[in-house]
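Undergrad: Task: produce atomic coordinates for the following.
(chains A, B, C and D)
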2 protein chains.
Amino acid sequence: MQKEHILSKNQKIIFDLIDKFGGPMKAYSILFNVQKKGIKAPLQVYRALDKLVEIGKIHKIESRNAFIACQNSSCQVSKATAFSICESCENVSEISNSKLSKYLSNFSDNSGMKYSKYNLEFFGLCKKCKSK
Amino acid sequence: MQKEHILSKNQKIIFDLIDKFGGPMKAYSILFNVQKKGIKAPLQVYRALDKLVEIGKIHKIESRNAFIACQNSSCQVSKATAFSICESCENVSEISNSKLSKYLSNFSDNSGMKYSKYNLEFFGLCKKCKSK
DNA sequence: CTTATAAATGTTATATTATTACATACTGTT
DNA sequence: AACAGTATGTAATAATATAACATTTATAAG
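TA: Alright, predicted model coming up:
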């Protein structure tokens, strides 16, 4: 059972754009694309992005400074994320692998750290780029 | 057996600083700290950082835009990295766990991607911050 | 319904992080 | 000595992100 977050005006505009685009988008590219909808300033974009990340509707691809819509409908909070990134075509997709997420969510070591969140990025070549 | 990389002048100045500091350092903080040694421009810092990352002497903490000296002497290339990050005190340390690294290095799924590299960041509270 | 509070918005300016472009110098071969 | 590869120096600028402040809208409590 997942809590429905009602998005505000700006949040909805920005989420819809990212979701429709389907891949990772950069903040200023988002800004450019929503200027016709009245969102004029970077901060308006970043505020919406922050909120959308917080509620798990999008994720930040840290190594690319880009944002992608969550591809995993059950993911209400961004506390366990894994992505595969093609270093040739920059295609990104979210990995939904229950064994992997279980393994990482349960990971602990003798450092005394209490882990509550992780983000994993795999890099390589996608199917298409491999065969070129 | 690990290949010895002979560092150039700027690379050595910057590596020594990061290594001595012991924690993650940001590029412009590095710049500030090496200006007395004659390194005046951001690009000089970024070039050295790029090279040091490439040869595995330092790693980039993507979620923090910061650089930390490799704490794992056997790590000549940054192709399999894992870090624990305290969200309260921002302490970062490199995780050296052979089961974890084996698990992730061997990870594959049915996406057709050939993975050659990964970076994992765990977030939570360190021992000290937990008990506050 | 009205008061209080939290969340979201709008706007300007600015801080922080990173790269482009071009010229020069050093290092190790053949 | 000539060449190739790597590193350096310098100036300008691009790209990413936040601070500060004023205002408005939504939500909940009395």
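Undergrad: Give me the phi and psi for residue A:56.
TA: phi 80, psi 10 (degrees, to the nearest 10).
Undergrad: State the number of residues packed around it.
TA: Other residues within reach of residue A:56, judged by other C-beta atoms under 10 Å in any protein chain shown, total 18. Heads up, the C-betas are built off the backbone N, CA and C, glycines and all.
Undergrad: Let me know the pLDDT of it.
TA: Listed pLDDT for residue A:56 reads 95.
Undergrad: Touching, it and residue A:69? I think so.
TA: No: in this structure, residue A:56 is not within contact of residue A:69 by C-beta atoms under 8 Å, at 10.5 Å.
Undergrad: How about the contacts made by residue A:63?
TA: A:85, A:121, A:123, B:62, B:119 (C-beta atoms under 8 Å, 6 or more residues apart in numbering or on different chains).
Undergrad: per-residue pLDDT, it?
TA: On the pLDDT scale, residue A:63 gets 98.
Undergrad: if I've got this straight, it is in a helix?
TA: Yes: per DSSP: H, G, I helix; E, B strand; the rest coil, residue A:63 lies within a helix segment.
Undergrad: can you map out the helices along chain A?
TA: A:9-21, A:27-34, A:42-54, A:98-105, A:127-130 (DSSP state H).
Undergrad: then stretch A:62-82 to CSV, C-alphas only?
TA: The C-alpha coordinates for stretch A:62-82 follow below in CSV (Å, rounded to 0.1, in the frame of the first residue of the first chain):
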residue,chain,number,x,y,z
GLU,A,62,24.8,11.2,-8.8
SER,A,63,27.6,10.5,-11.3
ARG,A,64,25.7,12.4,-14.0
ASN,A,65,24.0,15.2,-12.0
ALA,A,66,20.8,14.1,-13.7
PHE,A,67,17.4,13.1,-12.6
ILE,A,68,15.3,10.1,-13.8
ALA,A,69,11.7,9.1,-13.0
CYS,A,70,11.4,6.1,-10.7
GLN,A,71,10.8,3.1,-12.8
ASN,A,72,9.7,1.0,-9.9
SER,A,73,6.2,1.6,-8.9
SER,A,74,6.6,0.3,-5.4
CYS,A,75,9.3,2.7,-4.6
GLN,A,76,7.9,5.4,-2.4
VAL,A,77,11.1,6.6,-0.9
SER,A,78,14.5,6.8,-2.4
LYS,A,79,16.3,4.7,0.1
ALA,A,80,17.6,1.8,-1.9
THR,A,81,18.5,2.6,-5.5
ALA,A,82,20.6,0.9,-8.1
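Undergrad: okay, the helices of chain A in a markdown table with mean neighbour count and distance to DNA strand D next?
TA: Supplementary listing: the helices of chain A in a markdown table, determined by neighbours: other C-beta atoms under 10 Å in any protein chain shown; distance: least, C-beta to the nearest atom of the strand, whole Å:
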| stretch | mean neighbour count | distance to DNA strand D |
| --- | --- | --- |
| helix A:9-21 | 18 | 8 |
| helix A:27-34 | 16 | 4 |
| helix A:42-54 | 17 | 4 |
| helix A:98-105 | 14 | 23 |
| helix A:127-130 | 13 | 21 |
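Undergrad: Break chain A down into its structural domains.
TA: Taking automatic domain parsing as the domain assignment, the ranges for chain A are A:9-69, A:80-130.
Undergrad: Nearest to residue B:14 among the ones you listed would be which one?
TA: Residue B:14 lies closest to domain A:9-69 among the domains of chain A, at 21.2 Å (C-beta to C-beta).
Undergrad: can you tell which of the helices of chain A is closest to chain B?
TA: helix A:127-130 (3.4 Å; C-beta to the nearest C-beta).
Undergrad: and the domains of chain A as a markdown table, adding distance to residue B:46?
TA: As requested, those are arranged in a markdown table below (distance: least, C-beta to C-beta, whole Å):
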| stretch | distance to residue B:46 |
| --- | --- |
| domain A:9-69 | 15 |
| domain A:80-130 | 20 |
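Undergrad: closest one to residue B:90 among those?
TA: Of the domains of chain A, the one closest to residue B:90 (C-beta to C-beta) turns out to be domain A:80-130, at 13.0 Å.
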